[in-house]
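Enquirer: only the shape, not the letters, is given here:
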């Protein structure tokens, strides 16, 4: 508020008659990790022969993932404005909250999945050792994570029982480099 001279980007509510309330929050935790098991389906686009130096292929890689999110903690500052948001007075600072206060903030594990689809180049595909590169587009099915942008900047949204969590799927770009040992 000192820098912008207003509370924009925080959670604000107009209570009428020039009286506003708002919260600015700081979140910690909520680290998300995914451990995946994938199955690679590969279709060679150019037949490989004994003297092939490069193989070109398409692939689909469905996967199943175990996701784990750590506990989320927040600290809020509560502000009031009595003049249509022109200036804000700090009413209460350092309001702490976390998993003991809201179940949605507790550590969570869940199973999800998805798929990567792309193409690949393999160098020296008929040797004992080959090298590959695989760019792909992926989609991960819904998983629960922090997304304050998914909520309107209102006090009502801030007080929502699910705030700041959402359960959504998401796209991703993946580039893999690797070495294959051929038997």
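Expert: Alright, I've got the coordinates. Note that this is a predicted model, so its numbers are computed, not measured.
Enquirer: which strand or helix spans the residue nearest to residue 147 when sequence neighbours are not counted?
Expert: In space, and not counting its chain neighbours, residue 147 is closest to residue 166: 4.4 Å by Cβ to Cβ, 6 or more residues apart in numbering. (C-beta placed from N, C-alpha, C; glycine too.) Element membership for residue 166, per DSSP states H and E: strand 165-181.
Enquirer: quick one: secondary structure of residue 126?
Expert: Classification of residue 126 using DSSP: H, G, I helix; E, B strand; the rest coil returns coil.
Enquirer: for the strand holding residue 166, packing partners?
Expert: strand 108-123, strand 129-146 (3 or more Cβ pairs under 8 Å, 6 or more residues apart in numbering; DSSP states H and E).
Enquirer: reformat those as a markdown table; add distance to residue 33.
Expert: A markdown table is the format used below for the helices and strands packed on strand 165-181 (distance: least, Cβ to Cβ, whole Å):
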| stretch | distance to residue 33 |
| --- | --- |
| strand 108-123 | 10 |
| strand 129-146 | 11 |
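Enquirer: I'd like those strands as CSV, with distance to residue 62, mean pLDDT and mean neighbour count appended.
Expert: Listed next are the helices and strands packed on strand 165-181 as CSV, based on distance: least, Cβ to Cβ, whole Å; pLDDT from 0 to 100; neighbours: other Cβ atoms under 10 Å:
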stretch, distance to residue 62, mean pLDDT, mean neighbour count
strand 108-123, 5, 96, 17
strand 129-146, 10, 95, 16
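Enquirer: low-confidence stretches in the protein?
Expert: Applying pLDDT under 70 to the chain flags residues 1-10, 84-85.
Enquirer: do that again at 80, thanks
Expert: Residue ranges of the chain with pLDDT under 80: 1-18, 49-50, 83-86.
Enquirer: let me see the contact set for residue 32.
Expert: By Cβ atoms under 8 Å, 6 or more residues apart in numbering, the residues touching residue 32 are 67-69, 143, 145.
Enquirer: and which of those residues is nearest to residue 151?
Expert: Of all these, residue 145 has the smallest distance to residue 151: 13.3 Å, by Cβ to Cβ.
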